[in-house]
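Visitor: sequence first, then the predicted structure:
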Amino acid sequence: MSAHWSEGIYQLFKQQSIRQVSLVPDAGHSRLIKLCEADAALRMVRLTTEEEVTDDPEDTRVSQMTDEEAVAFDEARPEPVAARDTDEPDELDALPGLEGSR
């Protein structure tokens, strides 16, 4: 089994000597968030206010996910289809394998 994409990004953070990571809680990034939070060398900055987090169901859900739930969530993510990728810019540019993502 290949390494999960979040592990590759985490390793890139380490290789580039990144010491601070800003985040907005998101279930799709939960594995990367957990990797960064477990690293004492990284300073984590959540880009939400206490008021936003207090009543934000997504933040609550992400923070309470077990590692198994995070893995299951990530595994349910659809695989990109390289044949659908184009050079045309669109709102999905940051998603490899989807239209306009090059």
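Guide: All right, it came through fine.

Visitor: next helix or strand past the lengthiest helix in the chain?
Guide: Criterion DSSP state H: the longest helix present in the chain is helix 5-15. For helix 5-15, the following helix or strand on the C-terminal side (DSSP states H and E) is strand 20-23.

Visitor: can you list the strands that that next one pairs with?
Guide: Using DSSP bridges, strand 20-23 pairs in its sheet with strand 43-46 (parallel).

Visitor: give me the buried stretch members for the strand it pairs with, please.
Guide: Arg46 (16 or more other C-beta atoms under 10 Å). Where you see a C-beta, it was placed from the backbone N, CA and C, and this is true even at glycine.

Visitor: what about the helices in this structure?
Guide: 5-15, 30-37, 50-54, 57-63, 67-75.

Visitor: was I right to think Gly28 contacts Asp74?
Guide: Yes: the pair Gly28 and Asp74 passes the contact test of C-beta atoms under 8 Å, sitting 7.4 Å apart.

Visitor: between these two, point out the one with more neighbours.
Guide: Asp74 (17 against 13; other C-beta atoms under 10 Å).

Visitor: now that one: how far from Arg43?
Guide: 24 Å (C-beta to C-beta, to the nearest Å).

Visitor: burial measure for Ser17, as a count.
Guide: Ser17, neighbours per other C-beta under 10 Å, totals 7.

Visitor: where's it relative to Ala41, distance?
Guide: Taken as C-beta to C-beta, the span from Ser17 to Ala41 is 9 Å.

Visitor: same check on Val62?
Guide: In terms of C-beta to C-beta, Val62 sits 22 Å off from Ala41.

Visitor: per-residue pLDDT, Ile9?
Guide: The model reports Ile9 with a pLDDT of 92.

Visitor: which residue comes closest to it once chain neighbours are left out?
Guide: Leu32 (5.7 Å; C-beta to C-beta, 6 or more residues apart in numbering).
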